[in-house]
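> compute the structure for the input listed below.
(2 chains)
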Protein chains: 2
Amino acid sequence: MIPREELARRLALLFVTDPDVGPGRELVEVVRAALRGGATAVQLRAKSAGTREMVELGRRLREDTAALGALLFVNDRVDVALAIGADGAHVGDDDLPLVAVRSIAPPGFVVGRSVDSAGEAETAEREGADYVGVGPVTATPSKLDAAAPIGVEGIAAVRAATGLPLVAIGGIDLANAEAVARAGADGVAVIRALTRSEDPERAARELLEAVRRGQRG
Amino acid sequence: MIPREELARRLALLFVTDPDVGPGRELVEVVRAALRGGATAVQLRAKSAGTREMVELGRRLREDTAALGALLFVNDRVDVALAIGADGAHVGDDDLPLVAVRSIAPPGFVVGRSVDSAGEAETAEREGADYVGVGPVTATPSKLDAAAPIGVEGIAAVRAATGLPLVAIGGIDLANAEAVARAGADGVAVIRALTRSEDPERAARELLEAVRRGQRG
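Numbers count the residues shown, from 1 in each chain, chains lettered A, B, ... in the order given. Presented below is the predicted three-dimensional model:
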């Protein structure tokens, strides 16, 4: 069981993976670079991958995250998360209900829940979520079915409603990471800010510094 | 824990679901009709469905199968199987490894494994499978990526290699169900023979009778 304060700290920079990392490099290399740069957690997200493929990628990510002390989550696939020994899973409206995840996962398994409002965050907390992923902060091309952006104000509203660790997600980059952290986010989740970066190690370092500045300020 | 002999009996007619059941009717209605006709087990297969959608369908199938004493399995998604209280899950080469399924599922959870040869059946038995799905018996349009048909002879070869309950799958219909059972199959798994039938209750009854004839003969 990871204490809440420690979980909040270890969610400072969450890299949500996307298979499309640009030509001439592999996802695992980009993840390693991000981890060297200070990414504190990785979420394996691979909506179109087959299960076995996801397990094989997940096992590689498990080795790399364990070696560098980062957390590993799996999006949606609780069975894959359990099979690869991930720290937890992240679920949204289209995934397993939180209560079902709790019923099949062992104690200590971390469960994150996507929310876009204070009300949803309260529901998630009541149903046993360990942290909330809140957004989208701005419009993002990574998730075309996402709801309307909630802005930095939306992050502050959810922060006021829950004591759960809070990760802001959706359209986060160097330009807004500090403001999001200042609004009360314990961390930021990014996809494109790392998958599309020419230097993911440096991008991770700069994002983490921005989060830290926002939390100090 | 279902004893092996009982499991073999309860796999006599396994309905593998497919969302495409033709115009003007719903999958759950077709499943109910098949259960009334004597289908002994249902496997929820929904490769393109979202997780939540699968859980909702699965819960309805769980009610109907429980009411009629039929087993319920879920293809690939072990987390969904656990969440809906299914009796077990069925996995193939592209799914969770058997050993991983065993490690995350509680004792008594039934695990089926797709195989297409005696050697694969022996491996599945060694790795802890509770039953094997063997095929394809003939070419089938339901699974375009399936391997070459193994015929009734292939069923007999796997039967000789393993004591596990054996379900023949792939291109099974009224024309070959009896021969497949005579070759040693404990049951047959069908998709189109029920989803495309105008009268799934009658089709299930006739298939089950054919299996029983083959087992007596």
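> secondary structure element for residue A:114, which one?
Take DSSP states H and E as the rule and residue A:114 turns out to sit in strand A:110-115.
> show the average pLDDT along that strand.
The average pLDDT within strand A:110-115 is 98.
> which elements pack onto the next helix or strand after it?
Remark: after strand A:110-115, the chain's next helix or strand is helix A:118-126, criterion DSSP H and E. Contacts defined by 3 or more C-beta pairs under 8 Å, 6 or more residues apart in numbering or on different chains; DSSP states H and E place helix A:118-126 against strand A:110-115, strand A:131-134, helix A:151-161. All C-beta atoms are positioned from the backbone trio N, CA, C, and that covers glycine.
> hmm, try it at 10 Å
Secondary-structure packing of helix A:118-126 (3 or more C-beta pairs under 10 Å, 6 or more residues apart in numbering or on different chains; DSSP states H and E): helix A:98-104, strand A:110-115, strand A:131-134, helix A:151-161.
> I'd like to know how far the residue at the greatest distance from the centre of chain A sits from chain B.
Most distant from the centre of chain A: residue A:24, at 25.2 Å, with distances by C-alpha atoms, centre = their mean. Remark: distance between residue A:24 and chain B (C-beta to the nearest C-beta, to the nearest Å) = 27 Å.
> before we move on, back to that, most packed of the helices and strands packed on helix A:118-126?
Mean neighbours per residue, mean count of other C-beta atoms under 10 Å in any protein chain shown, is largest over those for strand A:131-134, with a mean of 29.
> that one pairs with which strands, parallel or anti?
Here strand A:131-134 is paired, per DSSP bridges, with strand A:110-115 (parallel), strand A:166-169 (parallel).
> figure out the helix or strand that the closest residue to residue A:211 other than its chain neighbours lives in.
The shortest distance from residue A:211 to any non-neighbouring residue, by C-beta to C-beta, 6 or more residues apart in numbering or on different chains, is to residue A:181 (4.5 Å). Following DSSP H and E, the helix or strand that holds residue A:181 is helix A:177-182.
> from what I can see the residue nearest to residue A:211 touches residue A:216, true?
Yes - Residue A:181 lies in contact with residue A:216 (C-beta atoms under 10 Å); the separation is 8.9 Å.
> of those two, who's got more company?
Ranked by neighbour count (other C-beta atoms under 10 Å in any protein chain shown), residue A:181 and residue A:216 place residue A:181 first, with 25 against 9.
> pLDDT score assigned to the more buried one?
So, for residue A:181, pLDDT stands at 98.
> before we move on, the earlier item: wait, which of the strands paired with strand A:131-134 is closest to residue B:163?
strand A:110-115 (40.3 Å; C-beta to C-beta).
> returning to what we had before: how about the strands paired with strand A:131-134, which one is nearest residue A:15?
Proximity to residue A:15 (C-beta to C-beta) singles out strand A:166-169 among the strands paired with strand A:131-134, at 11.3 Å.
> how about stretch A:207-217, which residues are buried there?
Buried residues in stretch A:207-217, counted by 16 or more other C-beta atoms under 10 Å in any protein chain shown: A:207-208, A:210-212, A:214-215.
> could I get the strands paired with strand A:131-134 as JSON lines with distance to residue A:159?
As requested, those are exported to JSON lines (distance: least, C-beta to C-beta, whole Å):
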{"stretch": "strand A:110-115", "distance to residue A:159": "12"}
{"stretch": "strand A:166-169", "distance to residue A:159": "6"}
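> show me which residues of chain A sit near chain B.
Within chain A, the positions near chain B by C-beta under 10 Å from any C-beta of the partner chain are A:47, A:50-56, A:59, A:76-85, A:89, A:91-97, A:99-101, A:103-106.
> out of these, list just those in helices.
Using DSSP state H, the subset of the residues of chain A next to chain B located in helices is A:51-56, A:59, A:78-83, A:99-101, A:103-104.
> contacting residues for the spatially closest residue to residue A:170 that is not a sequence neighbour?
Distances taken as C-beta to C-beta, 6+ apart put residue A:136 closest to residue A:170, at 2.5 Å, once the chain neighbours are dropped. With contacts defined as C-beta atoms under 10 Å, 6 or more residues apart in numbering or on different chains, residue A:136 is in contact with A:114, A:116, A:142-143, A:146-151, A:154, A:168-172.
> neighbour-wise, which one of those leads?
In terms of neighbour count, residue A:168 stands highest of the contacts of residue A:136 at 33 neighbours, by other C-beta under 10 Å.
> need the contact list for that residue.
Residue A:168 sits next to A:14, A:132-137, A:150, A:152, A:154-155, A:158-159, A:176-177, A:179-181, A:183-190, A:211 when contact means C-beta under 10 Å, 6+ apart.
> before we move on, what about residue A:63?
By C-beta under 10 Å, 6+ apart, the contact set of residue A:63 is A:28, A:72, A:84.
> residues contacting residue A:216?
Counting by C-beta under 10 Å, 6+ apart, residue A:216 makes contact with A:178, A:181-182.
> chain B versus residue A:46, what's the distance?
Per C-beta to the nearest C-beta, residue A:46 is found 13 Å from chain B.
> nearest residue to that residue other than its sequence neighbours?
The shortest distance from residue A:46 to any non-neighbouring residue, by C-beta to C-beta, 6+ apart, is to residue A:54 (5.2 Å).
> tell me, how many residues neighbour the one you found?
25.
> next: residue A:201.
Residues contacting residue A:201 under the criterion other C-beta under 10 Å number 18.
> residue A:1 too?
Count around residue A:1 with other C-beta under 10 Å applied: 10.
> confirm the residue nearest to residue A:170 sits in a strand?
No - counting by DSSP: H, G, I helix; E, B strand; the rest coil, residue A:136 falls outside a strand, being coil.
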